[in-house]
Structure formats: C-alpha cells, structure tokens
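Participant: Structure of the sequence below:
(one chain, ligands or ions: 1)
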Amino acid sequence: MIEAVGLTKRYGAKTAVHNLSFRVRPGIVTGFLGPNGSGKSTTMRMILGLDEPTHGHVTIGGLHFRQLANAPRQVGALLDAKAVHGGRSARNHLLCLAQLSGIPAGRVDEVLGVVGLQGVAGKRSKSFSLGMGQRLGIAAALLGDPQVLLFDEPVNGLDPEGILWVRNLMKQLAAEGRTVFVSSHLMSEMALTADHLIVIGRGQLLADMSVQEFIARNSASFARVRTPDGNDGEREKLTAALTAAGGEVHSEPDGAFRVTGLPLPRISDVAHAAQVRLWELSPHHASLEEAYMGMTQGAVDYRATTDPRAGLHVPHVTGEPPTAGRAATGLRPDAHRAGAQQPGQAHPPAAAGAPGPTARDHRDSEDEQR
Ligand SMILES: Nc1ncnc2c1ncn2[C@@H]1O[C@H](COP(=O)(O)OP(=O)(O)OP(=O)(O)O)[C@@H](O)[C@H]1O
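Facilitator: Down below sits the predicted model:
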C-alpha cells in the first residue's frame, strides 16, 4: 500500500503538487491520471524518494522509501525509459542493476523474455526505439520481483500490440496481489487498464474512486437531435423552443444538436408543439474520455485555442473547482524533466505473454505520441 498524506511540492514559485492525499491499494491497478504538467511525475518521484516533499509525506507499507530494506526488491519503477546508459547493451544494463541489488544474473534473461527483448539483448540501448526503451524500463522495474510497482506512462511509444501487452501485464501483476500504480494522461487507456482512478489537475486531487463510480458520477447524459438537413428555419425554431423550455443546445460538427437539461420525451413534445420535424432524437452518454476532459478542463496548462468539447458540462467531484483554464497555443514543455529510473527486480509473471518489438517499435517516430 502506498499512502500519501498532504503531499506538497514547490519548485520556487511553482507549486507542482498541492496537498495531495490518497492510498494505492494492493491487488488492483490504480490509474494516476492528469493532463500534461499536472504533477504525476513529481508525485511518483516523491513516492520513490527522488524528490523531497515541501510538506506532507508519502509511505510504502508504512515506511518512507529510504527506510525500506533493499528497496529495489520491494519497489520497482519505470519513470523515464531514457535514463539508461546508451552505450550498454540491454542485458548489461539489467546485469548492472541486478548486481547492485544482489539479484542473480539468471533473472536478467527471465525479464528480457517477459518484455520480449531477448532478440536484441546484446544491442546497445542507444539504438533502441522509444518503444523498445519502454520495454527495457519495464524489465528493470520487474527485475526484483517487487510487490509494489510504479509505471510512469508505460505505454508511451508502444504500438497497439505492445499497449495490449502492457495492459495485460499490469492486470496480471495486480492479480498476483501487487500494488500497481500507473500514470497516464489518456483516460481511454486507463479505462481499459485500471480498476481505480486517482485524477489530478494542477497538482490537486480531482477524483479518487473506482472506474465504475467515475463513469457513473461524471458521464453527462445528453440527447442528439437532428432537424431536416438544409432547413435552417426549423433548426432555429427548435433551438429557440428548447432553450425556452430550459434546455441547453449546442451544435455538433455534423449539423445535429446536443441537448442537455431536458429528458427525451420533453424534447419530443417541445418539437411537436413548435411543429418542427425531427430526423433524429437519441439518448447519449458522454464517454469516459469526455468526462475526464470535462473534469480537468480547468486544469489544463497546454491547450489548443479551439475546444471541440466546449459544450459539455460535467460537474467536479472533489474539492474546489480548479481555476479557469487559460487557452494557450504552446505545446508541452519537457525541458525541466530530470527523469530517473528506480530499478526493481522480479520473477516474470507467468502468463504475461510478451510480444517482441514490432516494426512500429523500431521506428523512430514514437515521440509524436507524447
Ligand atoms: N525540477 C523542476 N523544476 C521546476 N518545475 C518543475 C520541476 N519538475 C516539475 N516541474 C513543474 O511541475 C509541474 C508538474 O510537472 P510533472 O512533470 O510532475 O507533471 P506530469 O503530470 O508528470 O506531466 P506530463 O504528463 O507532461 O509528464 C509542471 O508545471 C512542471 O513544469
């Protein structure tokens, strides 16, 4: 179990993490979600004793990371897959880590097998694609057979087959009773991988609940309504009538309306009374991705100037609503990141089939995914 209490981290004037309290339990996959720059990596670094909290504390099994006896055998982590000596082969990199922690050398080939890098084990890691580097980082995390595993954006750079493999690996590690904490900025991925979600925005807790609960509490219901194509008069008449009836009407890119605040039968009655024909009237639920976007929309640092989901209203779940987001055209800055990797060691999860790196893994274009 990982437990954070009032965790706060300031870098000068910048508050990266503010008063964060949560628990990460064993036996399930806990997704750690937040937009770029929301404080996920900073939190993980504090869990691993790589950064000192300004306030608060975080423990693993009741102890601070630095108090753990032979920590790499208890905690495995993938923080930054690039934090590898590029001149070393994958096998030598893992051998060095194993030697530092008193892990038998035979374990290295086991984890290379788990992550599907046996075929390139003798190659220098600097020739690895981002996807292969991620696999090597995951191998390092598994090296000590730790009960607690932290993965910072583990699917970064992986192709769809690799993503599926990571997903299954996370689930299997949790099914073995381990504590698995996985960060991502993609709700779609976490919805498929995690059992529980911790969502942060601008360093503050926005939600701490099961995936099911998150969906139930955050998915906004709406109706899609379409009037006959090319009849602007009917469109305008219906918009006015629905608005007068208390509905909120937004245009969809395909010309339909998205209506919130009115049940479907009422929309039908309003349209009938206004003598507007309908080509479509259907119930919808905002997707999990939309719920997440709605929740974090005020906490996004880096955003394009147009927001296609501007019409969605989703309530905040915990604490004060984040301050209004500012529109910006800047892309995510990564220059500050000083990633490090905390090796663990592990027995390979028996049933986690590991596809080898694919053609997509070998391409160099994976950076575009972050
Ligand atoms: N060493 C540092 N010095 C100054 N600011 C930092 C430092 N590390 C992080 N920050 C700032 O703290 C905030 C949180 O960064 P962090 O990397 O933890 O976010 P993140 O959620 O992991 O983002 P991403 O999804 O982009 O990886 C950012 O605004 C970042 O610029």
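
Participant: Going by C-alpha atoms from here, please, whenever you check contacts or count neighbours.
Facilitator: OK.

Participant: Provide a list of residues in contact with the residue in the stretch 101-250 of the chain that the ligand sits nearest to.
Facilitator: Proximity to the ligand, evaluated over the stretch 101-250 of the chain using CA to the nearest ligand atom, is greatest for residue 185 at 5.8 Å. Residue 185 makes contact with 33-36, 153, according to CA atoms under 8 Å, 6 or more residues apart in numbering.

Participant: The residue lying closest to residue 187 once chain neighbours are set aside and residue 4: what is the separation?
Facilitator: Distances taken as CA to CA, 6 or more residues apart in numbering place residue 289 nearest to residue 187, at 5.4 Å, with adjacent residues excluded. As judged by CA to CA, to the nearest Å, residue 289 and residue 4 stand 26 Å apart.

Participant: Compare the two (neighbour count), which wins?
Facilitator: Taking neighbours as other CA atoms under 10 Å, residue 289 and residue 4 compare with residue 4 leading, 21 against 17.

Participant: Tell me which other helices or strands whichever strand or helix holds residue 191 touches.
Facilitator: When secondary structure is defined by DSSP states H and E, residue 191 falls within helix 187-193. Packing partners of helix 187-193 (3 or more CA pairs under 8 Å, 6 or more residues apart in numbering; DSSP states H and E): strand 29-33, helix 160-175, helix 288-296.

Participant: Make CSV from those and add distance to residue 273 to it.
Facilitator: Shown next, in CSV, are the helices and strands packed on helix 187-193 (distance: least, CA to CA, whole Å):
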stretch, distance to residue 273
strand 29-33, 45
helix 160-175, 50
helix 288-296, 32
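
Participant: Quick check: which of these is buried the most?
Facilitator: Scoring the helices and strands packed on helix 187-193 by mean neighbour count under mean count of other CA atoms under 10 Å gives strand 29-33 as the most buried, with a mean of 28.

Participant: near the ligand, which residues of this protein show up?
Facilitator: Counting by CA under 6 Å from any ligand atom, the positions of the chain adjacent to the ligand are 11, 16, 34-42, 185, 336-337.

Participant: Kindly indicate the member of these with the most neighbours.
Facilitator: Highest neighbour count within those: residue 34, with 29 neighbours (other CA under 10 Å).

Participant: quick one, what contacts that one?
Facilitator: Under the criterion of CA under 8 Å, 6+ apart, the contact partners of residue 34 comprise 40, 184-185, 199-201, 296.

Participant: what's the closest of those residues to residue 192?
Facilitator: The nearest member of these to residue 192, counting by CA to CA, is residue 184 at 12.0 Å.

Participant: can you give me the helices in the chain?
Facilitator: Along the chain, the stretches classed as helices by DSSP state H are 40-47, 71-74, 90-100, 106-115, 130-142, 160-175, 187-193, 211-218, 232-244, 264-273, 288-296, 359-362.

Participant: Run through the stretch 51-200 of the chain and note the low-pLDDT ranges.
Facilitator: Regions of the stretch 51-200 of the chain meeting the criterion pLDDT under 70 cover residues 81-83, 86.

Participant: how about 80 then?
Facilitator: Regions of the stretch 51-200 of the chain meeting the criterion pLDDT under 80 cover residues 80-87, 125, 157.

Participant: cool, the stretch 251-370 of the chain as well?
Facilitator: For the stretch 251-370 of the chain, residues meeting the criterion pLDDT under 80 lie at 285-291, 293-370.

Participant: again, 70 this time
Facilitator: Per-residue confidence of the stretch 251-370 of the chain (counting by pLDDT under 70) places the weak regions at 298-370.

Participant: Please name the residues that touch the nearest residue to residue 33 once chain neighbours are set aside.
Facilitator: Nearest-residue entry for residue 33: residue 199, 4.6 Å, with adjacent residues in sequence omitted and distances by CA to CA, 6+ apart. Contacts were defined as CA under 8 Å, 6+ apart; by that measure residue 199 touches 32-34, 205-208.

Participant: can you check residue 44 too?
Facilitator: For residue 44, the residues meeting the contact criterion (CA under 8 Å, 6+ apart) are 79, 150, 152.
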